[in-house]
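I'll drop the sequence and a predicted model, then ask my questions.
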Amino acid sequence: MATALIFDSGVGGLSILQAVSRRLPQLSVVYASDNAAFPYGTKDADWLQQRVVECVSAISQRCTLDIIVIACNTASTIVLPSLRDCFEIPIVGVVPAIKTAAQETKTGCIGLLATPGTVTRHYTNQLIQDFASHCQIIKIGSTELVELAEQKLRGEQICLTKLKAVIQPLILQAETQQTQSLSPQQPDQVVLGCTHFPLLRQELKQVAPDINWVDSGIAIANRVASLLLTDNGAVNYSINSENQQYQATSHTALFTEANQQISRLIPALKQFGIEQIDYLNLPV
């Protein structure tokens, strides 16, 4: 059985775990959260590069891995070259699904909802230039949504008023143009450029039902499947369609710091197939 590492600073990468598990239900997953350094979106790039390499190296000494998925947009824009210098196994990063949104928009206006670090990265601007230069882009950088997603998985109530306040620029764009009697360019596609944000999809649809929220989960799952089936001859299972029934594999979670919040995450972790929890001693 092949084993994948899915790595993030918090629990946002669970949205990637969900997509990968649906695509490859018999894949064993080690889900690692560097919660001691959470969140990554506000960290310095050089520090972050060293930290992720340190964490992944420590995990690889404890687990036999066949593929590594960096399930964090911020980290993916910084650390992939360094990781590929250290490991011979495939490494997959997550980038904002700007290309998909630009292809699907009917209004010519798309939104990018990500962490402040991802919104301002050169890599993100290059994606926009390459795939969405014909579109109007509304960018929102938010760390508050990261916290709200973490709260949701801990079983806490999400304040929709706070959520709506964060995405208000997306709504105001259309309202302002309508007031000025212009042809409205409402963003009909908004890229969820942080893996935490798909965990809030239900709430986002409640406050902005006319927007299609786009993430990278399916694309990353397809990439993982392609790499494992092509490059790892030991993989011996068939790819299941969404309509097929299967027995999901149980997974393991690793955290870099033990704290009381983890116990509140246990019910949510079980919903993602995580039955075991362990810790790495990697203080910041």
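Cool, got the structure.

in the stretch 51-200 of the chain, mark out all the helices, start to finish.
Taking DSSP state H, counting those that start in this stretch, the helices of the stretch 51-200 of the chain run over residues 73-86, 98-104, 116-120, 122-131, 144-153, 160-166, 168-179.

buried sites along the longest one?
Judged by neighbour count (16 or more other Cβ atoms under 10 Å), helix 73-86 contains these buried residues: Asn73, Thr74, Ala75, Ser76, Thr77, Ile78, Val79, Leu80, Leu83. For glycine as for every other residue, the C-beta is placed from the backbone atoms N, C-alpha and C.

okay, the nearest residue to Ile211 once chain neighbours are set aside and Glu88: tell me how far apart.
Of all residues not flanking Ile211 in the chain, Val190 sits nearest, at 5.2 Å (Cβ to Cβ, 6 or more residues apart in numbering). Distance, Val190 to Glu88, using Cβ to Cβ, to the nearest Å: 37 Å.

more neighbours, those two?
Using other Cβ atoms under 10 Å, the more surrounded residue of Val190 and Glu88 is Val190, with 24 against 6.

hmm, that one is touching Leu170, no?
Yes: look at Val190 against Leu170 with Cβ atoms under 8 Å: they come within range, at 6.3 Å.

where do the contact lists of these two overlap?
Overlap of the contact sets of Val190 and Leu170 (by Cβ atoms under 8 Å, 6 or more residues apart in numbering) consists of Gly111, Leu113, Ala208, Ile211.

so who does the residue nearest to Ile211 touch?
Going by Cβ under 8 Å, 6+ apart, Val190 touches Ala101, Ile110, Gly111, Leu112, Leu113, Ile167, Leu170, Ala208, Ile211, Asn212, Trp213, Val214.

and the residues you listed, which are buried?
Ala101, Ile110, Gly111, Leu112, Leu113, Ile167, Leu170, Ala208, Ile211, Trp213, Val214.

enumerate every residue touching the first one.
It stands for Ala101. With contacts defined as Cβ under 8 Å, 6+ apart, Ala101 is in contact with Ile110, Ala132, Cys135, Gln189, Val190, Val191, Val214.
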